[in-house]
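Chemist: Quick one: sequence plus predicted model below, questions after.
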Amino acid sequence: MNKYKRVMKQKEETKHVKRMIVIMSVLLLFGIALFLGTSYALFSVLVEGKQSISMTTKTLEVKLHDGEYIREDARGTMTDKQGKKTDPYRFTITNTGTMEAYYKLYLIEEGPIGEKEMVNTYYLKYELKGDDGSQQEGRIGELKQFYYSKEIQPGEENKVTYELRIWLDKDTPNSEQEKSYQSKVAVDANQLNYPNPPVLADNMIPVVYDANEKRWEKADVTSEWYNYNNQEWANAVTVTSGTRTTYQQASSGTEVKMEGILQMWVWIPRYSYTIKSEDGEHYYGKKEEGRSDNPSRALPGEIDIKFLDVSEKDENGSAQYTGKNPKNWYTPPGFTFGEEELSGIWVGKFETGYSSGEGTGVGAASTALALTDTEEPNKAIIKPNVYSWRNIRVSTLDLVSRRMTESGNVFGFGQSTYDSHAMKNSEWALISYLTQSKYGKYGNSLYSGENKEVYMNTYSGFMTGCSSGLSSAATTSTCGNAYDVMIDQGGGQGYAGAGASSTGNITGIYDLNGGAWEYTMGVLNKMSGNTEDRNSGYTGQLTNGSIQGRSWPADKYYDLYTSNDPKTACGDNPCKGHALNETAGWYGNNTNMVNVTSSWSVRGGGHNFVAVTGVFYYDGYYGSVNDYGSFRQVLVPVGNA
C-alpha cells in the first residue's frame, strides 16, 4: 500500500510505548444522572488498564472528592460561577517510565443512564483545571478533546492532577428535564508526539497523493491521511465551483483532478521549538546519529520540535539549550493571531500564481502576463506548473490575500470562521523550523549532508514547483524537475523533484528556495518604503519624507520591527520565533535585516541568487513592485472553526 495512504492505527505504536515507557492508559467511567430541581450523582467508577502497553493500576489514579455525590442547588441548573464552585472529579497522571511521553485526554460519550433519555450535551458545561496551570472550559457538546498531545516528563515530581467540573447550564430549557448523561474520560499515552489535526473548512477537500497512480485523491479522514513522524504533512485543496459539490460528496480514493484545483494548502500544526548547542557556544542544532563532526552554520543540525495543544504555550523559554535533553522551549509568535491562539495554520503549498480567469484554475498563458499590480483576489491560484504572481506591491498583495475569504469569493470560503492573509515573516519562520526538524526534510532519511537543505527552483521563467535537484545551482531556462518527480537518486540525494519541498517528498511546501523571492508582511517602524516611486502603497514615512496612500491593515496582519538588528528588533528584544538571528547564515543563506532604505521583509531568495537562497534567507526591499518578487498566502482557522 502506498505510504501516503497508510491507515493510522495507534495500537501499532504501542510496541514503542511498551519498550520505552511505563505510563497508564485508562478509562474512567462515570455516569451523571441529571434531574432538574434535584441532584446528579456519580454512579460508578471503573479503571481498566491496557495490558498491551504494560500498564499498572497505580500509574493513573482516579479519586473522588467528598464521597459519591456531587450536589446541585435547588434549581438543578447553575451559572458558570456556581458551577465552578462545585466539588470536582480529581484524577492524576504520572509518567513512571524513563522517557518523555505524550498523552491525549478526551471524553467518550456512553449515552444515557438506564431508561432515561440522553440530555442535549450543548447544555452541559465544563471546566478542567490542572495543577500545572492549564485550564479549559466550554460546552461538552462542542468539545473535541481536552488535550491532543500533551507532554509529560518521567518522575513523580512531574505528575499532573486534574479537576473536572460538569454542570447543567442555567439556560437549559424544561424539555431537558428528567434526562441523563454518561461518558468516559479517556487518557491515551504514546511515545510519539502527535500534532493537532488539521482544521478543514467546508469547502476544503483533504487529499493524499497516490504515487503508483501519480494522482491526488480525496483522503479518508477516518484513517491516516498524514503522518508528521514520517515527514508526511496534511494537504487539502479548494476546487472550482462546478466541481466542489461533486468532490465534497465523493468517496475517499476519488481522483481530484489538477485542472479543477484552485488552491493547494499544507497544514502547519502548533508547536514549540528549541535549538541545541553541541559545543556549549554555538547553537547550530542537534547532531544526528552517525555524524562525526558537530553541526555548523554551513551544515546545521536538527531543530527540536514538540507539538502542542492549542491550550499550551511556552512563552518564557530561551529556545536554546545544552546537554542531553531538550529544554527552554518557546512557542513561535506565528501561532498567535491577534488575541487568538491557533492550533495550526494552512499555508500555500506553492508561491501564489496568477490565473487567466476568475475561478478557472488555469494559470496565466505566459510569465509576462503574471506581472500585475491589480486587486484581483479571485485570480490568485496556488498549484504547481503555473507562473508566480509578481510585480505586485505589498499593499496590493495584502488586499488580494485578505479578500480571498470575503463574500463572493470563488473559492467557497466564509470569512466568519476562516481568515486569509499574506504570509507574515513570523509565519514563514514556522515553515523554516519544522523543515529543519525530524518532522521535515532534515529528518527524511533519503537525504544526507547538504542535500538536507530544500532544493532550489532555478527556473528563470518563474514557474511554481520546479526543482534543480540541488540545494544551490545557477539559473536555468527550463523547469528542470517537476514537483512530482519521486525517483530516489541514491547517495543521499533523494528525489530530484520532491527534494524541493519542505519534507523531501510531495506532501511538503515548495518554492522556499529560489523561484521568485517572496514578500512577507514584516516592516521596520511602519515605513511605507524608500521613495515616492518605490514604496508599499501605504501611508507612511519614506527614507526621506512621507507619502499618502492606503490605510494600514490591523496589527495582526504584519510583524512590526523596531530596529535593523534582529537581536533588538522586537521591541528592544531578540526576535525569537522569526528565524532571523538564531538561524542566521544557516546553509550559507543570505542575512540582511530590514532597514530604513529597504523596510519590507523578503524571504527565500530568487532563482538568480546562486548559493545564498533557502528557507533561512532573509533580506529587505522597498515594498514596491518588482519583476522578481512574489508572495505566499495563509489561511487561519479562527473562532469556532
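Modeler: Here it is on my side, so go on.
Chemist: my guess is Tyr439 contacts Gln231, does it?
Modeler: Yes. Using C-beta atoms under 8 Å, Tyr439 makes contact with Gln231 at a distance of 6.2 Å. Bear in mind the C-beta positions are built from the backbone N, C-alpha and C, glycine included.
Chemist: Between those two, tell me which one has more neighbours.
Modeler: Comparing Tyr439 with Gln231 by neighbour count (other C-beta atoms under 10 Å), the higher total belongs to Tyr439, at 28 against 25.
Chemist: Now that one: closest residue in space that isn't a chain neighbour?
Modeler: Distance criterion C-beta to C-beta, 6 or more residues apart in numbering; nearest residue to Tyr439, sequence neighbours excluded, is Tyr228 at 4.7 Å.
Chemist: per-residue pLDDT, the residue nearest to Ala201 when sequence neighbours are not counted?
Modeler: The shortest distance from Ala201 to any non-neighbouring residue, by C-beta to C-beta, 6+ apart, is to Tyr418 (5.2 Å). Tyr418 is assigned a pLDDT of 89 by the prediction.
Chemist: Would you confirm that Tyr418 contacts Val634?
Modeler: No. Applying C-beta under 8 Å as the test, Tyr418 and Val634 come out as separate, 10.6 Å apart.
Chemist: which stretches of the stretch 351-500 of the chain aren't confidently modelled?
Modeler: Low-confidence segments of the stretch 351-500 of the chain, defined by pLDDT under 70: 415-416.
Chemist: Same question for the chain.
Modeler: Short version for the chain, where the test is pLDDT under 70: 1-75, 144, 148, 415-416, 640-641.
Chemist: in the stretch 151-300 of the chain, which spans are strands?
Modeler: 160-168, 179-190, 205-210, 215-218, 235-239, 261-269, 271-276 (DSSP state E, counting those that start in this stretch).
Chemist: For Asn385, see how far away Gly353 is.
Modeler: Relative to Asn385, Gly353 is positioned 9 Å away (C-beta to C-beta, to the nearest Å).
Chemist: what touches both of the two?
Modeler: Listed as contacting both Gly353 and Asn385 by C-beta atoms under 8 Å, 6 or more residues apart in numbering are 363, 464.
Chemist: of these two, who's got more company?
Modeler: Gly353 (28 against 16).
Chemist: Now do the same contact list for the more buried one.
Modeler: By C-beta under 8 Å, 6+ apart, Gly353 lies in contact with 363-364, 370, 380-383, 386-389, 464.
Chemist: give me the number of residues near Pro326?
Modeler: Neighbours of Pro326 (other C-beta under 10 Å): 18.
Chemist: show me the contacts for it.
Modeler: Pro326 neighbours (C-beta under 8 Å, 6+ apart): 274, 276, 304, 306.
Chemist: Next, give me the two most distant ones among the residues you listed.
Modeler: Farthest-apart pair in the contacts of Pro326 is Lys276 and Lys306; separation 13.5 Å (C-beta to C-beta).
Chemist: any idea what sits nearest Leu434, other than its immediate chain neighbours?
Modeler: Leaving aside its chain neighbours, Leu434 sits nearest to Gly440 (5.0 Å; criterion: C-beta to C-beta, 6+ apart).
Chemist: show me where the stretch 251-400 of the chain has helices.
Modeler: For the stretch 251-400 of the chain, helices defined by DSSP state H, counting those that start in this stretch occupy the ranges 394-402.
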